[in-house]
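Novice: Quick one, fold the following:
(chains A and B)
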Amino acid sequence: MKEENFLSIIGKHQAHLGGLISILEDIQTEYSYLPEQALRLVAQETGFSLVDIYGVATFYKLFSLKPRGKHLISVCSGTACHVRASSGVVEEFEQRLQINAGETTPDGEITLVTVNCLGACALGPIVVVDGYYFSNVNRQMVGEIIDNARAGIDRVDVDTDERIFPIEVSCPHCNRSLIDKNFYIDGYPSIRVTVSFGRRHGWVRLSCLYGSYSVEQEYEVPIDTIVDFFCPHCHAELSGVSDCTSCGAPMISAFIPGGGVLHICSRRGCKAHMLDLHGASL
Amino acid sequence: MINLIINGLPVSVEEGATLLEAARFLGFPIPTLCYIDGLSPYGACRLCVVEIGEGPKAKLVTACTYPAEEGLKVRTASSRVIKARKMILELLLASCPQSKTIQDLAAAHGVRRQRFRQEYEDCILCGLCVRMCEEQMMAKAIGFRGRGQNRSVGTPFDIQSDICRLCGGCMYICPACQLRCTYTEPEKAVCGGCENLSPPCLEKEQFDDMMCYMDPCVACEITKD
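Specialist: Below is the predicted model of the structure:
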């Protein structure tokens, strides 16, 4: 383990008191678990006693003291999911993966955990794989979900997923199309916009498939940066009126010919987007 | 000074005093298990419950952690308090019947039965050892781990702590470690031991005209105030 790595994480939060959970969270994100060495180092650096840190680390379910697999499958066993037979789903997962809930497969690929409520009780039983929700899960769906998890859920299957469709957008100021027919992403013409962040200006081409996050850019935009978007034709800013519900950054909007507005979060890495078809002539 | 009323008696105590300290100062007994002078109050065992407030707003609070408030009305032995205390003792008996401390408390409060599923826990999570280690031994070698039904006391990673000086303070203070005498059958939840002395002719009180040839009667002497 890299000691300097832990030290840099601890140093980042050193400034404000009570940053213990933030430190542990960051270590957990980096290593997928909390190594013993890291906890000892945190104790040494922050002045908290090891007992307290260990208590916090074992209290919260989001921390794990054992290495976790590449993919995390959480099955809800809250009351609403339980009455809809989520225990059967857990059993099926355990049988297929040959592990118990809370354990990781020997190949280090999948960790199976049960959680108590995901707040989507109407859709239960709920299974979350690496942040993607599967609703109304039954035993028959378990095999497919495991295959999905192993393949990597981030890879969007453009051809077979019916929820993904191409959209055309235009600038709300000059009404010219933002679609660039000379540059294809995901096999479709891309959406071209100009972005600026810091002192850099450049083009970004987004996939025009609704639900795909594929993007090509002139300059690599660092993750978490909030970027200003401009129309490449009239250079007006594509600002929106609302803020992102998941990260709070301003949403940008673009018109969809035929009615409707597309909202995209302006933070790089935030996947919030929304199609507002109010008043659309469908 | 803060003025409050305990069991109808007005009393003034210093600011910052808890209800337990105030009541004990006046001489009202409140049983405690997880409270020891010299350790910070923790409110884990709930044995020191008292009733505060009046009417529908009356509620049970732990006297060891509740600070004395101006004008507060406290009852340390109302029927609600007694009932709650007996239930708490019964639950303690259900989890740890081998403890002498708990058996003595149960006997002193007239708890004669245990209606819950019997368990034999080694720990009642009163936190005395954790506070002893931190506050009196200045070590912080042991602490709470986990939560809910997985909560336990021990060292981090369950290995010998390099802070621990093996002082034994945790064992000295532990109420669960003090084994009860095996005077009666150890399997029974309530030992019914020496302190559970009750008069043999309880029915006498139901019959005013009952004749008794015992003179002097041991039972009558005991019940006499």
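Novice: Could you chop chain A up by domain?
Specialist: Following the assignment in automatic domain parsing, chain A carries domains at A:3-59, A:71-151, A:165-276.
Novice: Quick one: closest of those domains to B:Ser99.
Specialist: Minimum separation from B:Ser99 across those (Cβ to Cβ) falls at domain A:3-59, 24.5 Å. For glycine as for every other residue, the C-beta is placed from the backbone atoms N, C-alpha and C.
Novice: check whether the closest one contacts chain B.
Specialist: Yes: interface with chain B: domain A:3-59 contributes A:Glu36, A:Leu39, A:Ser49, A:Leu50, A:Val51, A:Asp52, A:Ile53, A:Tyr54, A:Gly55, A:Thr58, A:Phe59 (Cβ under 8 Å from any Cβ of the partner chain).
Novice: so the third one touches A:Ala43, yeah?
Specialist: Yes: using Cβ atoms under 8 Å, A:Ser49 makes contact with A:Ala43 at a distance of 6.4 Å.
Novice: Give the residues shared as contacts by these two.
Specialist: Common neighbours of A:Ser49 and A:Ala43, using Cβ atoms under 8 Å, 6 or more residues apart in numbering or on different chains, do not exist here.
Novice: With distance to B:Val49 added, can I get the domains of chain A in TSV?
Specialist: Below are the domains of chain A laid out as TSV (distance: least, Cβ to Cβ, whole Å):
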stretch	distance to B:Val49
domain A:3-59	26
domain A:71-151	29
domain A:165-276	45
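Novice: Chain A contacts on chain B?
Specialist: Taking Cβ under 8 Å from any Cβ as the contact definition, chain B meets chain A at B:140-147, B:155-157, B:161, B:163.
Novice: What separation is there between B:Leu47 and A:Ser242?
Specialist: Separation of B:Leu47 from A:Ser242 (Cβ to Cβ, to the nearest Å) stands at 55 Å.
Novice: Mind checking which of the two has more residues around it?
Specialist: B:Leu47 (23 against 12; other Cβ atoms under 10 Å in any protein chain shown).
Novice: Now do that one against chain A, distance only.
Specialist: Distance from B:Leu47 to chain A, counting by Cβ to the nearest Cβ, to the nearest Å: 24 Å.
Novice: what stretches of the stretch 101-250 of chain A score poorly on pLDDT?
Specialist: The stretch 101-250 of chain A contains residues with pLDDT under 70 at A:153-164.
Novice: which residues sit in contact with residue 51?
Specialist: If you meant another chain, say so; for now it's chain A. Counting by Cβ under 8 Å, 6+ apart, A:Val51 has contacts B:Lys140, B:Ala141, B:Ile142, B:Gly143, B:Thr155, B:Pro156, B:Ser161.
Novice: nope, chain B please
Specialist: By Cβ under 8 Å, 6+ apart, the contact set of B:Glu51 is B:Ala58, B:Lys59, B:Leu60, B:Val74, B:Arg75, B:Ser78, B:Arg80, B:Val81.
Novice: Next, count neighbours for the first one.
Specialist: Here the count is done by other Cβ under 10 Å, and B:Ala58 has 13 residues near it.
Novice: now the second one
Specialist: Other residues within reach of B:Lys59, judged by other Cβ under 10 Å, total 11.
Novice: Could you check how far whichever residue of the stretch 151-282 of chain A sits closest to chain B is from A:Gly269?
Specialist: Closest contact between the stretch 151-282 of chain A and chain B, by Cβ to the nearest Cβ, is at A:Ser246 (27.9 Å). Distance of A:Ser246 to A:Gly269, given as Cβ to Cβ: 11 Å.
Novice: ok, now B:Ile142?
Specialist: 42 Å.
Novice: ditto for B:Cys164
Specialist: Applying Cβ to Cβ to B:Cys164 and A:Gly269 gives a distance of 45 Å.
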